[in-house]
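Visitor: Let's see this in three dimensions:
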Amino acid sequence: MTSVPDFSSDLPAARVAALLVEQLASADPEVRDVQGYTATARWTREGRLDEALEWLGDRASERFGHPEVQARTFAPLVLRCALDRGAAVPDLLPERAVRRWYAAFADWYPAEPDTRGWDDSLGWLHAVAHGADAAAAFARALPAHRVELLHLCARRMTAPHIAYRYVQAEDARLARAMTGILLAPGLTAGQATGWLTVVTGALAGGGPGPVPPWAFNTFATLQALHLHLARGLAEGGVPPHADRVAEGVAAVLRLPSPWLA
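Guide: As a prediction, this is how the structure comes out:
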């Protein structure tokens with residue numbers, strides 16, 4: 001089993017980052033999650049990978065095309081770590097790098113076919129939840145893309161090619177990310193609610209019969225979002241247009257639950 005590199009050694013940041021990248025694609029959850037990701041998160045936050053941070057983000061964004069699901073789904077966590085570090089240290093990350101990562105992320109997030117939260121062999125996968133965390137970080141780094149990111153989250157929850165029903169809090173993680181994006185100042189009411197057209201368009205034409213997994217996921221996420229809008233986030237509070245967004249969300253939720261007031 002590959003061990004976490006000892007940062008107290010004389011290994012340069014570039015070499016340590018390369019070792020972490022190798023671990024972050026491992027099919028062994030102990031290597032990938034407990035060792036590789038834990039070390040990546042801690043050392044990025046502490047600034048020990050600053051010299052290799054752009055390189056690390058580039059390798060993560062390349063992982064969106066990896067043939068193995070665990071490699072793809074841990075890539076957004078690495079990007080979130082890099083973006084958070086970039087927010088803490090202005091001018092550390094070139095904007096062109098952040099835009100490069102965002103383009104790769106935006107192509108991958110709504111299209112990822114394997115959205116299982118957990119696999120008994122691979123451990124945590126969490127494409128939806130990990131991607132949601134990255135979406136919130138991209139919204140902070142690229143505020144001009146906030147509206148686009150809300151639409152991206154809506155496309156993720158309504159993706160019709162999914163057979164997996166959210167059972168590992170994916171709906172709550174996606175709702176938290178959307179609430180965080182909505183908290184950012186400057187959004188108009190129309191911008192804050194515009195993503196609902198993606199949802200209503202996906203649900204148009206639905207009829208009697210069993211609820212398909214993607215529709216179940218959509219309703220579960222909207223229920224979680226309605227709660228987040230009512231209560232707000234512990235850090236940030238209630239979004240400026242929470243009432244308008246909640247009204248639109250409730251209108252959609254009346255489709256499966258017509259008894260709602």
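Visitor: OK, contacts around the spatially closest residue to residue 228 that is not a sequence neighbour?
Guide: Nearest residue to residue 228 in three dimensions, chain neighbours excluded: residue 179, at 4.3 Å (CB to CB, 6 or more residues apart in numbering). Every C-beta, even on glycine, is put in place using the N, C-alpha and C of the backbone. By CB atoms under 8 Å, 6 or more residues apart in numbering, the contact set of residue 179 is 225, 228, 229, 232, 233, 236, 239.
Visitor: same check, this time on residue 121
Guide: Neighbouring residues of residue 121 by CB under 8 Å, 6+ apart: residue 27.
Visitor: Can you tell me the SS state at it?
Guide: Put simply, residue 121 is coil when judged by DSSP: H, G, I helix; E, B strand; the rest coil.
Visitor: quick revisit: I'd like to know how far the residue nearest to residue 228 sits from residue 232.
Guide: Residue 179 is 8 Å from residue 232, where distance means CB to CB, to the nearest Å.
Visitor: any residues in contact with both of these two?
Guide: With CB under 8 Å, 6+ apart as the test, residue 179 and residue 232 both reach residue 239.
Visitor: For residue 131, give its distance to residue 112.
Guide: For residue 131, the distance to residue 112 (CB to CB) stands at 7 Å.
Visitor: before we move on, which element is the residue nearest to residue 228 in?
Guide: If you go by DSSP states H and E, residue 179 is part of helix 170-183.
Visitor: Can you name the element that comes right after that helix?
Guide: Proceeding N to C from helix 170-183, the next assigned helix or strand is helix 189-193, under DSSP H and E.
Visitor: Centre of the chain to that next one, how far?
Guide: Its chain's average C-alpha position is 21 Å from that of helix 189-193, according to CA atoms, centre = their mean, to the nearest Å.
Visitor: Output the contacting helices and strands for the very next helix or strand once past that helix.
Guide: Of the helices and strands lying after helix 189-193 in sequence (DSSP H and E), the nearest is helix 196-203. Applying 3 or more CB pairs under 8 Å, 6 or more residues apart in numbering; DSSP states H and E, one finds that helix 196-203 contacts helix 146-157, helix 213-231, helix 242-253.
Visitor: from those, which stretch is densest packed?
Guide: With neighbours defined as mean count of other CB atoms under 10 Å, the helices and strands packed on helix 196-203 peak in mean count at helix 146-157, which reaches a mean of 22.
Visitor: ok, and what's touching it?
Guide: Under the contact criterion CB under 8 Å, 6+ apart, helix 146-157 has outside partners 106, 109-110, 128, 131-132, 135, 138-139, 171, 174, 177-178, 181-182, 184, 187, 191-192, 194-196, 198-199, 214, 217-218, 221-222.
Visitor: could you dump the helix or strand containing residue 17 to PDB, C-alpha only?
Guide: Using DSSP H and E, residue 17 sits within helix 13-23. What follows is helix 13-23 as a C-alpha-only set of coordinates in PDB (Å, rounded to 0.1, in the frame of the first residue of the first chain):
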ATOM      1  CA  ALA A  13       6.200  20.300  -3.500                       C
ATOM      2  CA  ALA A  14       6.100  19.100  -7.100                       C
ATOM      3  CA  ARG A  15       7.200  15.600  -6.100                       C
ATOM      4  CA  VAL A  16       4.800  15.400  -3.200                       C
ATOM      5  CA  ALA A  17       1.900  16.600  -5.500                       C
ATOM      6  CA  ALA A  18       2.800  13.900  -8.000                       C
ATOM      7  CA  LEU A  19       2.600  11.200  -5.300                       C
ATOM      8  CA  LEU A  20      -0.700  12.500  -4.100                       C
ATOM      9  CA  VAL A  21      -2.100  12.500  -7.600                       C
ATOM     10  CA  GLU A  22      -1.200   8.900  -7.900                       C
ATOM     11  CA  GLN A  23      -3.000   8.100  -4.600                       C
END
